[in-house]
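Peer 1: Need a 3D model of the sequence below.
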Amino acid sequence: MNGSLHLWLIPLLPFAGFLLNGILGSRLPKWLVTTIALLAPLAAFGVVLSAAQGFFQTGIGSLPYVETCPSPWINAGTLHIDFSLVLDQLSLVMLLVVTGVGLLIHVYSVGYMSDEEGYARYFSFLNLFLFFMTLLVLAGNALLMFVGWEGVGLASYLLIGFYFHKDSAANAGKKAFIVNRIGDLGFLIGMFLLLANFGTLTFSEIGAKLGQDPGWQGGILTVIALCLLLGATGKSAQLPLYIWLPDAMEGPTPVSALIHAATMVTAGVYMIARTHVLFDHSPFALGVVAVIGAATALFAATIGLVQNDIKRVLAYSTISQLGYMFLGCGVAAYSAAIFHLMTHAFFKALLFLAAGAVIHSLGGEQDLRKMGGLWKKMPVTFAMTTVGVLAIAGFFPLAGFFSKDAILYAAFVQGGSGLVLWFVGLLTALLTSFYMFRLWYMAFLGKPRGEVDHPHANPWSMAVPLVILALLSICGGWIGSERFGAFLAPSVGTRSTAGSAQLELILSIAAVVVALLGWFIADLVYRQKPARAAELAEALPGSYSLLAHKYYVDEFYGASVVKPLFAVSHYLLDWVVDKALLGGTAWLLGGTATYAGAILQRWQSGNLRSYAAWLAAGAAALLLFVVVPWATVLAGFGIHLTMAGH
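Peer 2: Next comes the predicted model:
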């Protein structure tokens, strides 16, 4: 690739937007705030497109392309870490998704947030989110990736808690921040182990050293991979650290779209794909990734069956779809996982922004039970939602069909435990189709159940991104999993499969049949016999309550982790630190000062008679000491004083 691509501009441009609107935004006119906010991601997207064009012109041999700061970033003893940005096939795909979808969400936000307070603050945080995510993607070593990793955690905290005057939003932001610290600890330990065993944190050097010793399997590599996996489960909301993502719905809806579709939750999947050489040398770690992904996909899908908040349905859908991506990584189908990451970004951003259009039109209403009949009043939003629902359900020829089936096929051809993973994925697809068409029926079809008879129209800035994302959700998978895998092969490797085109066709037909079955059941329950849903809930109160309360996981964590920590903290801080240590020290210092003051008060009373008495007593004591032969007196008691040197 000839010339310099100026990769540093990709994160720097959003960062400049963050600084300008963050520092000057409150004093700038609204149109200028909007211009700055949109130009930053637009320019970054332009740089990425330029890099992609350069790649396709010069061919596969031009990547990876590395830009390194001339002076070392960290140079301490034997530790040398450069500030290096790397563009390869994997990071190029991620950058196109992050900046492209991120730009559309920025445009959508102009209309959605137009009447909100803190308009400049919102866009500065949104630009900051894009800065850290692009830095994470471009990082050439684990430490620089960790900077972006922590940065997206910070940006998510700021955006989830954007409505900080609401306790629920502030608590949701704190929950996301704290839960992710658990995963980040795993990432940190993994980095320390990488440094101890490889002497470097640069991904290419780690891959080269493993390539020199292909027999190195398991052992410390398994420990490192599992530590990195812990970090990935936090960022990508997998079991057991998924609990922050549903509460993240407290932020503005475009924030939900950005977090769920293109940025934070995809970071864990990307990190596993980036460090795939470590997982490839640890079959056990790969198996754990696959099991966590399959379990999370099914677990979250069952919860999504009964959620009534339109955004929470989509939140649990995201957790489930991320489980598919982990499942793909766990069966070493990294290209299929990234393929699904890309198509999911299209249709999940579409679904969230369409849900935002509904919420915006209904004055903030999010309860599906208070909607219905919206297809006549919001035909464009209805059409766009329909595309998103068909895509996520996996109907041919929409994007979700190609990427999800690539993961299921990779699991099936493994045989053995792979067949179990395939069945769990297929069952999850059935549930996904059901709960997404449930959302579709409850929000748009049937009779109106809400209080808003005439939803207000949404501005063009909200409609245009929906149309573009709908087109991408339709044709985004047409490249095909094989061609996509061949493109990513230099970055994530390839793994031969024992399947055939005929088997792939049969499995694809089975997946479509399952999606149709989910639609049929949803149609039966929510269109043909709308009262049946309530009857089923009454007939199975225990199961319904279990799902409605999300398996009581939050309650379990609250009782087993949060409350004991609060109790210990209260005891340590309130009694040990506050009352015993600080209080005791204050009492000791205060008592000493009081006692010393009382003595000094007697000495410095200002009374001449008292001074004369103390002077006489001192003179008498001194005279007594000089005159009395103390050696003789003490000798009488058997005490003998010996002079030094005798």
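
Peer 1: Next up, the contacts around the residue nearest the centre of the chain.
Peer 2: Closest residue to the average C-alpha location of the chain: Lys235 at 3.5 Å, with C-alpha atoms, centre = their mean. Counting by C-beta atoms under 8 Å, 6 or more residues apart in numbering, Lys235 touches 149, 152-153, 180, 183, 264-265, 267-268, 271. To be clear about C-beta, it is placed using only N, CA and C from the backbone, and glycine gets the same treatment.

Peer 1: any idea how far Ile599 is from it?
Peer 2: Going from Lys235 to Ile599 by C-beta to C-beta, to the nearest Å gives 64 Å.

Peer 1: before we move on, the earlier item: name the nearest of the contacts of Lys235 relative to Lys404.
Peer 2: Val265 (16.9 Å; C-beta to C-beta).

Peer 1: Give me the neighbour count for that closest one.
Peer 2: Residues near Val265, counting by other C-beta atoms under 10 Å, number 27.

Peer 1: what's the closest non-adjacent residue to it?
Peer 2: Counting by C-beta to C-beta, 6 or more residues apart in numbering, Val265 lies nearest to Ser236, which is 5.1 Å off, once chain neighbours are set aside.

Peer 1: you'd agree Val525 is up against Glu535?
Peer 2: No: applying C-beta atoms under 8 Å, one finds Val525 not in contact with Glu535, separated by 9.5 Å.

Peer 1: Neighbour count for the two, which is higher?
Peer 2: Neighbour totals were compared for Val525 and Glu535, and Val525 leads with 20 against 11 (other C-beta under 10 Å).

Peer 1: In contact with the more buried one, which residues?
Peer 2: 438, 532-533, 536.

Peer 1: and those residues, which of them are in helices?
Peer 2: Among these, DSSP state H puts 438, 532-533, 536 in helices.

Peer 1: now Ala301, nearest residue through space, not along the chain?
Peer 2: Of all residues not flanking Ala301 in the chain, Leu431 sits nearest, at 3.9 Å (C-beta to C-beta, 6+ apart).

Peer 1: my guess is the one you found is in a strand, correct?
Peer 2: No: in this structure, Leu431 is helix, not part of a strand, as judged by DSSP: H, G, I helix; E, B strand; the rest coil.

Peer 1: Quick one: neighbours of it, just the number.
Peer 2: Neighbour tally, Leu431, other C-beta under 10 Å: 22.

Peer 1: Same question for Leu426.
Peer 2: Leu426 sits with 17 neighbouring residues when counted by other C-beta under 10 Å.

Peer 1: Skip the chain neighbours and tell me the closest residue to it.
Peer 2: Nearest residue to Leu426 in three dimensions, chain neighbours excluded: Val514, at 5.7 Å (C-beta to C-beta, 6+ apart).

Peer 1: Repeat that for Asp82.
Peer 2: Thr68 (4.9 Å).

Peer 1: Quick check: that neighbour touching Ile81?
Peer 2: No: the criterion here is C-beta under 8 Å, and Thr68 misses it with Ile81 at 10.7 Å.

Peer 1: residue contacts, the residue nearest to Leu63 when sequence neighbours are not counted?
Peer 2: Using C-beta to C-beta, 6+ apart and skipping the chain neighbours, the partner closest in space to Leu63 is Asp88 (4.8 Å). Shown here is Asp88, whose contacts under the criterion C-beta under 8 Å, 6+ apart are 63-65, 490-491.
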